[in-house]
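*Asks:* What follows is a predicted structure for the sequence shown.
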Amino acid sequence: MSDTYQPDGMEPSIPRLEVRDVTVRFAGLTALDAVGFTVEPGSVHAVIGPNGAGKSTCFNVLSGVYRATSGSVRFGGAELTALPPHRIAELGLARTFQNIALSPRLSVRDNMMLGRHRLTRAGFVAAGLRLPSARREAALHNARVEEIAAFVGLTDRLDAPVGLLPYGVQKRVELARALCMEPKLLMLDEPVAGMNGGERRDMAELVIAVRESLGISILLVEHDMGMVMRLADAVTVLDFGRRIADGPPEKVQNDPEVIRAYLGATSETEEAAS
Amino acid sequence: MNVHASRPPGASGLAVRDLAVNYGPVTALRGVSLDVPRGAVVAVLGGNGAGKSTLLRAVSGTLRFQRGGITAGGISFDGAPLSAAGTSAVVARGVVQVPEGRRVFARMTVEENLRAGALGARDRRAAAEARERVLELFPVLAERARQRAGLLSGGEQQMLAMGRAMMACPQMLLLDEPTLGLAPLMAARIAETVREINAQGTTVLLVEQNAAMALSLASHAYVLEVGEVVLSGPAGELAASDEVRRRYLGVGGDAEARPTGGPSRRPALSRWPA
Amino acid sequence: SDKATGGGSGAAASGDGVKTGPGVTAETITIGMMTDLTGPYASFGKSLTNAQQLYFEQVNKAGGICGRQLESIVRDHGYDVQKAVAAYTEIGPKSVALAHVVGSPMVNAVKQRIEADQMLTIPQAWATHLLGSKPIQVTGTTYDIDMINGVDYLVKEKGIKSGDSIGHLYFEGDYGETALNGSKFAAGKHGLKLVEQKIKATDQDMTAQVAAFKKAGVKAVLVSVGPRQTASLVGVALAGGMKVPFLGSNSAYAPQLLATPAGEALLAAFEYVTAGAPMSSDLPAIKKLGEDYKAKYPNEAVDSGVASGYIAAGIVVDALKKACESKDLTRAGVVSAHRTQSSWGDQYGGAMDFTAFDKPASLRSYIVKPDKEALGGSVVVKEPFTADIAGEYQVPAGG
Amino acid sequence: MSTFIELLVSGISVGAVYALIALGFVVIFKATEVVNFAHASLLLVGGFVVAKTHPLVGFWPALLLGVAGAAALGALIEFVVIRRANVVSHSVLAIVTIGVDLILVTELTRRIGTDVLALGDPWGSQVLRLGSVNIPVTRIAALVAAGVVITAFLLAFKYTSWGIAMRATAEDAETAALMGVRRGRVSMGAWAVAGALAAVAALFMCVFPTPGLDRNVTAAAMKAFPAAILGGLDSTTGALAGGFVIGITESLVGGYQEELAFLGRGLGDVAPFLVMVVVLLIRPAGLFGTKELARV
Amino acid sequence: MSRTVTVAWWAAVAAGVVIAPFYLDAVWLQDGLFAMAAAIGAIGLNLLTGATGQLSMGHAFFLAVGAFGYVYFASSPSPDGEFGGLGLPTPLAAVLAVLLAGAAGGLFSPIAGRLKGAYLGIATLALIYIGHFVMTNATPVTGGHNGRPVPPMELFGFAFTDTPEPLVIAGVPFGALERLWFLGAAALLGAGLFARGVLRGRPGRAMNTIRDHEIAAGVMGVPVTRYRAGVFVLSSMYGGLAGVLIALVFRQTVPDYFSLILALSYLAMIIIGGLGSVAGAVIGAFFVSMLPALFTRYSDALPLVAPTGQEGIGAAEAAQILYGLAVVVVVLFLPGGLFGLFTRARLHLARRTPAAPPAKPSLTPTPEARNG
Ligand SMILES: Nc1ncnc2c1ncn2[C@@H]1O[C@H](COP(=O)(O)OP(=O)(O)OP(=O)(O)O)[C@@H](O)[C@H]1O
Ligand SMILES: Nc1ncnc2c1ncn2[C@@H]1O[C@H](COP(=O)(O)OP(=O)(O)OP(=O)(O)O)[C@@H](O)[C@H]1O
Ligand SMILES: [Mg+2]
Ligand SMILES: [Mg+2]
């Protein structure tokens, strides 16, 4: 338990994430086939690959939504494959979802406060009786939520119901909620899908800012190669659940196998981002 | 049914005039006019919340599902108004939409989803042909015929949504962000498809965040901002205008002119606990 | 507030020197009814209400009681306990007695208050649990006595003999379980083996129960359930070639059944035990009641509720008259007056003794059988009688 | 032994009736993902119409009228309530149907009063004797009806586009509309069908061995819930299986009450629900139900 | 909604509650008390169904557990040894009864934790039937079919009974009902505030997210299964408390009362009042429990309603029909229930801004275009 979170002022240690021969089988198909890679502390690691390659499945294994058929995922001292989602969350892994998964009727603030769940303690009794401890806790974490909202640029939306916000903003709320978990590893599943050039650039900057100011590791799934190339320190490429390439972006980008399976000869997104 | 034969000569295609749409108190479109000539591909660009999807909903007559409604203006197809008789009437006239965000029938199998797509088609044989075409276009759908659609990957779902719409052998396709979440290669494949079905005589109205791709496909384009048409013209011209390049192609440009108004100098975020 | 003044519930003496309490003014005596007009016993409740209002009318015509006119407040509880409790809270303070309360769950729900208020109450249920409470007067026999007499009848006249087994189909709850006590006792006495089958009011199809009885080879079946279940039971049994006598409690039969396909079977093999004379009986009092009722309610069906209600009304009225004689019309006064009567209502086919409240008022039962033509749908088979073993039976009075 | 067989047979035959009712739930659930608590009132209406009309027009026409009436009512409920209810949650709609049920049942029971209405069926109290076992002819009819109807639906759901349209609408009305599905028609059709089914079920519930139609019919209908659930709310086969399981459980527990007396009497009513709970513990989506799979 | 208005509003309510017993007849107080009990139960159900999206149709069972639990704990064994009892001090008995109800909920948690939607709803139906079976068979504890008399509550020597000689305040005799009135009001207030705290606090957010997006909730660190079970237990305890109060008002518990009808009426309450909010539950509870009373008492005054005993739609039936209708109408035309209507109206008065688009009543995720 050496690297569980210690909120007593000392710098949290950012552990390394090691994925080893993770295999996931669903009735009749192998979504992940002995996939392995390592996310160095504080780095931005991208996972790319064609549709259905197994990227989200990989995220789902890391966050405990799916159970790996075999293989191991170590995050610092802990072995994740055996843990349920909420235990993994406690270890400091946070993620966003490919399809927005917010509570549409709750305000942005409440959605973000949910991110603080693992960092707060108030149970039914404490909350029900409004014990001073609960009130203090709420105030403290509410302040932090506003800090993060300002950072992500949601301050003016804090009290709007999420459901009525435009998609682009909802995407940012997802990121904000993940940040509210004070993660040591942040996993982003297609953060800029469905955004236009301008918004993509914003999001990219935001991700960079996160990494700079928090120094946490970031695992990124994205189809926008421009963004991947700009942000990633290392890239893992999946195809049909197998790892077909791994390494620094420019090396991967010119890997013929990757071009064949994923990028294609010329790609509009390239133009878009160039 | 045979698309070519059934096309009356000198038909006008889709015409939208001074359209205004509200969602309860929220006004989503005002004074929007646009034309989609028979056999053309027309693109609609615009930031998040600009009203693109609303426009398509208005054409297909699905606003009521969102508690919205047309408050002014009108829409006509081939001269005759697209009656308020309801969505099924619109589909019956061969105007079919690929809705935003995939919206596959998650609990039904891929196969059944495709059959659902054919419900609108008036003749079985054409539907059968269409099915051939869809499956060769997206082989993965054939592989997964028996899988529940909800379990497909994001991209696979997008392909299914596209294929499902094509099952109805539409005379006009309304595409809402068809490349959302697709890998570059697949996005290119979609682009191809659009060209192909258009070549076969299907008119296309394309809403796309991937402006580069959209402009490369379209003969003509409109730019929506907060519910109004701010720019329109031949695709080529628009692609050349640096306004569009900056805002929608995300190329060059400076912080001030960002569409989403994300704060340019964001407050630094310190590690928790502060 | 009006409440402040209206609070006093203590007894007071009115002009004519008669002690009065709640429900009694100088001009009127108010009697409550807690009935079921919308629930499962709607038709029964309606007959009760009609019959009692008829009786009070007749009394008023004859000049009322103690120079006071009788008034009635009716509340429909639709066989819902909460409504019953609410109803009692509403009409209790305004009434001197309750001429009828339908449903023993409802009586149970307000039993404590009835006792606290010393409110003379005639429940329209015949469970032993209702005995043992001074103000509550169960009329006639209780279900267990009926069953004891019934078994006696089976042995004496239907050729059931020691060693045979007989079945008993009964409802869960007061009704069924009271009846079961009787049948157990009688079976013991006569050396019969009793085969029990307990069901719920919602059960409709008695096939399984019939199968069970057949399996046990019963020679006769006692029936303490609702009319519907009776119909199903007898129908299935006969259709399945199980030709044995079926003997029911008085709540197991309703004339409506004769209209259904099961009617034939009932006419063929079913009889029931009851303390009250059927409407078709040739007792003058009952005959007159029949005529008066038809006269006042020409298009109302006549069922057992008519006689029960009328008799209950009679009990209350006579208690009031006695109380008037002793110049005490308070509730307590009425109850004690009532309890002085040791032989009441012979004209209705069997005198009742009200002096002991932990015993049934009577041990005599009729045997009655369905009949299409007869008024009230049933005719007497055997005039009222008491099984000799009935005397030894210790009635388990409720607290 | 013969008792056991007799109980088993009677259980199966009762089960057929439950199956018919359960199928009603299934149809609605597949079409609208609503658990229809108003089904009981559909039963009551169907039975009521038959009971009231058979003296005038004879049994078979009366049955037709009953089926038509219940179907019409079903369609009406859909048209007036379900279609307009602008709710996202199907559970809320389920509660709405409770409201509808309350209204209809109250009015119908008022009309029925405490009468027991005969349905004038041709089978009367005939029974078929197989050795020592007796089976009411009505129940054989029920068994046949259930078998036929349920196979029919099985095929309909699998192979007609009606089934597809129905399920599509149920899952996402807006997108289904984009496929050209007439939402109204589809779900209205489903409700009408469910109504028709209810009428048929009502017939078999109210004929021999039960004395006839009365207000308690609705209470008996409750037993079809465990049937539908443990079979799997979205499975026609499930409805049949569930019906049988419940019917047999009930009949055996009732028949062997003496032997089970140590568990307390009156177990017959609880047993079906206990069975249901056990099944759900093992298979949360019922025996044949498709289990809820979500991914992100 | 400005503070002063809110304060004034609460003050008015409080005043109303305090003076009610001085003016209302016993029968109204009794209905009021039934309504208060119902409100407590409804709040509990709303935590479960409204806020967490767990449909429960077995709520009446937990009321029964509370009621019979209290009776058993509080009453001393009957001399003939037929009925048992612990003869504990009544306040303690009440607390234990509530805990017992919670425990009963806990026993059900293997189901409550794993099932959802319609399946859970109908699974909970089983509770009603099982409950009835136990109540009627465990005679020594429950008194069987006839139930058992309820020992009156006694707080610090102050008994909630009619006897001894009613203490008279301002000329009004304070009998059991008048005294219970305040007990009930206090209990309701407590229960309401507690639930409000839960809903607005950390648990509430977790519950809502479980309702809207189970997987997301898990990934955000919410132990979904445990939370589901927990909420179920909590709402069971609310049911238990309601049961205790009902028992005290009844003075005799009868199994027949805790029926399916009762359970369904609780669902009706939270729908009519408004899903997910405390106030909604309370409003709905009062609406549903007072309606029949109003009808029966004023049947002769009402059009279309036949006076007791005459042909036509009787008061009881009219009430039934009306509340069935209310459920339908609310869902059709008043998303957010009566409370939603109320708040929108208030917003309109407070400032003339258009109210926020009403939330559709929802126990499950809204199919937002992209919320998958
Ligand atoms: N729960 C599941 N059951 C069955 N198959 C599944 C399940 N989840 C994912 N799959 C399959 O596993 C494969 C990988 O899916 P995954 O979502 O990881 O792809 P992806 O790389 O995220 O693709 P995309 O870029 O389109 O999101 C897909 O073919 C998908 O159909
Ligand atoms: N159901 C709804 N209720 C209320 N307002 C809505 C609804 N749907 C959309 N809006 C509002 O209408 C405006 C246009 O929304 P629309 O979805 O058409 O934009 P869009 O161009 O499709 O954006 P995106 O790129 O996110 O798809 C936005 O301000 C949005 O907030
Ligand atoms: Mg993915
Ligand atoms: Mg859009």
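*Replies:* Done, it's in. Ligands and ions are numbered 1, 2, ... in the order given.

*Asks:* Show the backbone phi and psi for the residue of the stretch 151-274 of chain A found nearest chain C.
*Replies:* As assessed by C-beta to the nearest C-beta, chain C sits closest to residue A:161 within the stretch 151-274 of chain A, at 39.8 Å. No exception for glycine: its C-beta is placed from N, CA and C like everyone else's. Main-chain torsions, residue A:161, degrees, to the nearest 10: phi -70, psi 130.

*Asks:* how many other residues sit next to it?
*Replies:* Residue A:161: 19 surrounding residues under other C-beta atoms under 10 Å in any protein chain shown.

*Asks:* next one: residue B:132
*Replies:* 9.

*Asks:* check which helix or strand covers it.
*Replies:* Using DSSP states H and E, residue B:132 maps to helix B:124-137.

*Asks:* Packing partners of that helix?
*Replies:* Using 3 or more C-beta pairs under 8 Å, 6 or more residues apart in numbering or on different chains; DSSP states H and E, the elements in contact with helix B:124-137 are helix B:110-118, helix B:139-143, helix B:154-166.

*Asks:* And that helix, how far out from the chain middle?
*Replies:* Distance of helix B:124-137 from the chain centroid (C-alpha atoms, centre = their mean, to the nearest Å) equals 21 Å.

*Asks:* Just give the closest residue to the residue of the stretch 1-150 of chain E found nearest ligand 4, not the sequence neighbours.
*Replies:* Closest residue of the stretch 1-150 of chain E to ligand 4, C-beta to the ion: residue E:53 (27.4 Å). Nearest non-adjacent residue to residue E:53, counting by C-beta to C-beta, 6 or more residues apart in numbering or on different chains: residue E:211, 3.3 Å away.

*Asks:* hey, where'd the helices end up in the stretch 201-350 of chain E?
*Replies:* E:202-212, E:214-219, E:224-250, E:260-273, E:278-298, E:315-333, E:337-350 (DSSP state H, counting those that start in this stretch).

*Asks:* And what about the residue in the stretch 51-200 of chain B that chain E sits nearest to, helix, strand or coil?
*Replies:* Closest residue of the stretch 51-200 of chain B to chain E, C-beta to the nearest C-beta: residue B:101 (4.2 Å). Secondary structure assignment for residue B:101 (DSSP: H, G, I helix; E, B strand; the rest coil): coil.

*Asks:* In this structure residue E:269 contacts residue E:281, no?
*Replies:* Yes. Here residue E:269 lies in contact with residue E:281, judged by C-beta atoms under 8 Å, at a distance of 6.6 Å.

*Asks:* Can you check which of the helices and strands packed on helix B:124-137 gets nearest to residue C:324?
*Replies:* Of all the helices and strands packed on helix B:124-137, the one in closest proximity to residue C:324, counting by C-beta to C-beta, is helix B:110-118 (83.1 Å).

*Asks:* per-residue pLDDT, the nearest residue to residue D:224 once chain neighbours are set aside?
*Replies:* Take residue D:224 and drop its neighbours on the chain: the residue closest to it by C-beta to C-beta, 6+ apart is residue D:21, 3.6 Å away. On pLDDT, residue D:21 comes in at 92.

*Asks:* Can you name the residues that contact residue D:21?
*Replies:* Each residue near residue D:21 by C-beta atoms under 8 Å, 6 or more residues apart in numbering or on different chains is listed here: D:39, D:43, D:197, D:198, D:201, D:205, D:221, D:224, D:227, D:228, D:243.
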